[in-house]
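Visitor: Give me the fold of what follows.
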Amino acid sequence: MTARPIKGYVAGEDGKAGLRGRLVSKQGQLLANALLAGVASGIGHALQQSSTTISVSPLGSTGTLEPGKQFQAGMGSGVGKALDRLAQYYISLAEKVFPVIEVDAGRMVDVVVTQASRCKVSRCRGPGPRGLSPACRACTTAYEEPRR
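Guide: Residues are numbered from 1 along each chain as shown. Next comes the predicted model:
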């Protein structure tokens, strides 16, 4: 078997170049998941900030936790950061996914070659008849030793 580059196209039953199919894309669902994770992340960060009091003075601003709301602040921060990472994961996954055109199986098509490439075929110089060798993998006809 050999692989060579060729140029051409596939024609469908109607004789036109290309095949009719259905576009299947998962990007929309992945971006919707990223949006949902981003919104939930914002809720987590809001939960953290609602338990923090910010004091502003001429020397700067400081944030202090309200007494009894440490657990709420920790949960808000943890959930917010985790959902930020989940949103980034969905976005990176959506960048890697590409749309696919789904074509029904069993359709009759014509493959039209517009530019072929040359393939040089050489014969074996082995010990078999007509130059075929039992060890040659390029030969199309298998050589067997005659039985005596």
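Visitor: Distance check, the residue nearest the centre of the chain against Pro5.
Guide: Central residue of the chain (Cα atoms, centre = their mean): Val97, 4.3 Å from the mean position. Using Cβ to Cβ, to the nearest Å, one gets 28 Å for the distance from Val97 to Pro5. All C-beta atoms are positioned from the backbone trio N, CA, C, and that covers glycine.
Visitor: how many neighbours does Ser11 have?
Guide: Careful, residue 11 is Ala; it's not Ser. Neighbours of Ala11 under the rule other Cβ atoms under 10 Å: 15.
Visitor: so Leu36 is in which element?
Guide: Leu36 belongs to helix 27-50 when assigned by DSSP states H and E.
Visitor: As PDB, could you dump the C-alpha coordinates of that helix?
Guide: Only the C-alpha atoms of helix 27-50 are listed here, as PDB (Å, rounded to 0.1, in the frame of the first residue of the first chain):
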ATOM      1  CA  GLN A  27     -19.400  24.900  20.700                       C
ATOM      2  CA  GLY A  28     -22.800  26.400  21.600                       C
ATOM      3  CA  GLN A  29     -23.300  24.000  24.500                       C
ATOM      4  CA  LEU A  30     -19.800  24.400  25.700                       C
ATOM      5  CA  LEU A  31     -20.100  28.200  25.700                       C
ATOM      6  CA  ALA A  32     -23.400  28.000  27.500                       C
ATOM      7  CA  ASN A  33     -21.800  25.800  30.200                       C
ATOM      8  CA  ALA A  34     -19.000  28.400  30.500                       C
ATOM      9  CA  LEU A  35     -21.600  31.200  30.900                       C
ATOM     10  CA  LEU A  36     -23.400  29.200  33.600                       C
ATOM     11  CA  ALA A  37     -20.100  28.500  35.400                       C
ATOM     12  CA  GLY A  38     -19.200  32.200  35.200                       C
ATOM     13  CA  VAL A  39     -22.500  33.300  36.600                       C
ATOM     14  CA  ALA A  40     -22.200  30.800  39.500                       C
ATOM     15  CA  SER A  41     -18.600  32.000  40.100                       C
ATOM     16  CA  GLY A  42     -19.900  35.600  40.400                       C
ATOM     17  CA  ILE A  43     -22.500  34.500  43.000                       C
ATOM     18  CA  GLY A  44     -19.700  32.800  44.900                       C
ATOM     19  CA  HIS A  45     -17.500  36.000  44.900                       C
ATOM     20  CA  ALA A  46     -20.600  38.100  45.900                       C
ATOM     21  CA  LEU A  47     -21.200  35.700  48.800                       C
ATOM     22  CA  GLN A  48     -17.600  36.200  49.900                       C
ATOM     23  CA  GLN A  49     -17.800  40.000  49.600                       C
ATOM     24  CA  SER A  50     -21.100  40.200  51.500                       C
END
